[in-house]
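[1] structure for this input, please:
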Amino acid sequence: MSQTKKEQIVSHLRYLRQELREMHLGIQDDGLFPEPGEIRGILAQMEALLELIEGNPKVK
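    Numbers count the residues shown, from 1 in each chain. Sure, this is the predicted structure:
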């Protein structure tokens, strides 16, 4: 894996981790659950990262 690709993945994982932290704090502090679309969006981003790492894109 090239260094640039690795840096992009690390950056994106940091972003996803921050988003998940914010969701967790919202649940913990306010009892507010995230919208289903937010969760689907994060899952889609995580799947895209996995495909990028594995190198085999999923055909839909």
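
[2] all contacts plus neighbour counts: C-alpha atoms, from now on.
    Will do.

[3] report pLDDT for the closest residue to residue 34 other than its chain neighbours.
    Among residues not flanking residue 34 along the chain, residue 23 sits closest, at 6.3 Å (CA to CA, 6 or more residues apart in numbering). On pLDDT, residue 23 comes in at 91.

[4] please apply the same query to the one 3 residues further on.
    Note for residue 26: predicted pLDDT of 90.

[5] next: the one 4 residues further on.
    Note on residue 30: pLDDT of 88.

[6] can you name the residues that contact it?
    By CA atoms under 8 Å, 6 or more residues apart in numbering, the contact set of residue 30 is empty.

[7] tell me, which helix in this structure spans the most residues?
    helix 3-25 (DSSP state H).

[8] phi, psi of residue 33?
    Main-chain dihedrals, residue 33, degrees, to the nearest 10: phi -90, psi 150.

[9] could you report the pLDDT at it?
    pLDDT, residue 33: 90.

[10] follow-up on the earlier one: my guess is the residue nearest to residue 34 contacts residue 33, does it?
    Yes: Residue 23 is within contact range of residue 33, at 7.4 Å (criterion: CA atoms under 8 Å).

[11] looking at these two, which is more packed in?
    Legend: neighbour count by other CA atoms under 10 Å for residue 23 and residue 33, higher for residue 23 (17 against 12).

[12] mind listing what's buried along the longest helix of the chain?
    Of all the residues in helix 3-25, those buried under the rule 16 or more other CA atoms under 10 Å are 9, 16, 20, 23-24.

[13] ok, back up a step: how far away is the residue nearest to residue 34 from residue 8?
    Residue 23 is 23 Å from residue 8, where distance means CA to CA, to the nearest Å.

[14] then residue 33?
    For residue 33 relative to residue 8 (CA to CA), the value is 29 Å.
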